[in-house]
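>>> Got a predicted model here, sequence first, then my questions.
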Amino acid sequence: MATDFAVCEAGVTRGILLDIAGVLYQGSAPLPGAAQAVSTLRDAGLPVRFLTNSTRRPKRVIHQKLKGFGIDAEADEILTPAAAACAWLRANGLVPHLLIHPDLEEDFATCPESGSVAVVVGDAGPYFNYERLNAAFRQIDKGAPFLALASNRKFLDADGELSLDAGAFVRALEYSSGKNAELFGKPSPTFFGSAAQSMGQALADLTMIGDDAESDVAGALKAGVGNAILVRSGKYQAGDEIRYDPKPSETVEGISEAVELVVSGQH
């Protein structure tokens, strides 16, 4: 084990939480220095968990993309809202009523197929339409539990422009039903907590690195993560570092600079 772990305000950084899209890759290309940055964390002896709010692609595809870009990631190190929601559904014996992108359906293959229903909403993209939204609303209105895989406002789309994310549709269903969704992705404290538990570490001993100042950074700090570094890549927009509370522990250009801060002992 290396001894040059970063000293954080809450103590020693004993693990790293990495956002994926906008931090390690964007669309069909890795971001500069991503593979080397993860290797540097491995060489420092720091356990890594990859936390994504992506709900258009199954975990299998995300893992393949990371490996294809030369990024050292194991499948069990990738935490997704779909996996967390499916585990919850199995534990409660509930059948998912899915309002998600069809590509994500494989991640719910192990969920119950008979019994009471719970509504699950992710980023359905072009598959959001009135009929599907109304069908989900009717189930919620009848008393079905309401699960949101993410509540992000926007994401950086393949064309390089920001696009509407699932949060707007989650809010619409909350407004119409009068019921709040249970969130399974960032910034849910439970989601961050499950990552810490999987590493056998306390949240206060971890550092989060992300491009979303609201969900990744402020969300992590509110959940109890010791430090959170905002990168100016992905969906980052000028001024994000002062837009939400708590503010980032640091704001840097990209993943390489963030990892350099961690292993140099500055954070």
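Good, I have the coordinates.
>>> List the residues that contact E161.
By C-beta atoms under 8 Å, 6 or more residues apart in numbering, no residues touch E161. C-beta: built from backbone N, CA, C; applies to glycine.
>>> I'd like to know how far it sits from K186.
From E161 over to K186 the distance is 22 Å, taken as C-beta to C-beta, to the nearest Å.
>>> before we move on, what about E214?
9 Å.
>>> cool, and A91?
21 Å.
>>> More neighbours: the two, which one.
A direct count of neighbours by other C-beta atoms under 10 Å for A91 and K186 places K186 higher, at 29 against 8.
>>> pLDDT score for the more buried one?
The model reports K186 with a pLDDT of 95.
>>> Leaving out sequence neighbours, find the closest residue to it.
Of all residues not flanking K186 in the chain, S215 sits nearest, at 4.4 Å (C-beta to C-beta, 6 or more residues apart in numbering).
>>> my guess is the one you found meets F191, correct?
No: in this structure, S215 is not within contact of F191 by C-beta atoms under 8 Å, at 9.8 Å.
>>> got any residues that touch both of the two?
What both S215 and F191 touch, as defined by C-beta under 8 Å, 6+ apart, is the set G185.
>>> Give me the more crowded residue out of these two.
Neighbours were tallied for S215 and for F191 using other C-beta under 10 Å; the higher tally belongs to S215 (27 against 24).
>>> does the more buried one count as helix, strand or coil?
Taken by DSSP: H, G, I helix; E, B strand; the rest coil, the conformation at S215 corresponds to helix.
>>> Over to F192?
Recorded secondary structure, F192: helix (three-state DSSP).
>>> Which strands or helices does the helix or strand containing A82 pack on?
Element membership of A82, judged by DSSP states H and E, is helix 81-92. Other elements packing on helix 81-92 under the criterion 3 or more C-beta pairs under 8 Å, 6 or more residues apart in numbering; DSSP states H and E are strand 95-99, strand 117-121, strand 146-148, helix 189-199.
>>> and if we set it to 10 Å?
The contact analysis (3 or more C-beta pairs under 10 Å, 6 or more residues apart in numbering; DSSP states H and E) places helix 81-92 against strand 95-99, strand 117-121, strand 146-148, strand 182-183, helix 189-199.
>>> in it, what counts as buried?
For helix 81-92, burial by neighbour count (16 or more other C-beta atoms under 10 Å) applies to P81, A82, A83, A84, A85, C86, W88, L89.
>>> which outside residues touch the helix or strand hosting F169?
Assigned by DSSP H and E, F169 falls within helix 167-177. Applying C-beta atoms under 10 Å, 6 or more residues apart in numbering, the contact partners of helix 167-177 are 53, 99, 119, 121-124, 128, 132-134, 136-142, 144, 146-155, 179-181, 183, 214-215.
>>> Show me which of those residues are buried.
Using 16+ other C-beta under 10 Å, the buried ones in the contacts of helix 167-177 are 53, 99, 119, 121-124, 128, 132-133, 136-137, 139-140, 144, 146-152, 154-155, 179, 181, 183, 214-215.
>>> quick one: average pLDDT of the helix holding A82?
The average pLDDT for helix 81-92 rounds to 96.
>>> and the angle for that helix with strand 117-121?
For helix 81-92 against strand 117-121, the angle by axes from the mean of the first three to the mean of the last three C-alpha atoms, to 10 degrees is 170 degrees.
>>> Just checking the distance from helix 81-92 to the centre of its chain.
15 Å (C-alpha atoms, centre = their mean, to the nearest Å).
>>> Tell me where this structure is predicted with low confidence.
1-11, 266-267 (pLDDT under 70).
>>> let's go with 80 and repeat that
Residue ranges of the chain with pLDDT under 80: 1-12, 265-267.
>>> gap between F184 and S256?
Taken as C-beta to C-beta, the span from F184 to S256 is 30 Å.
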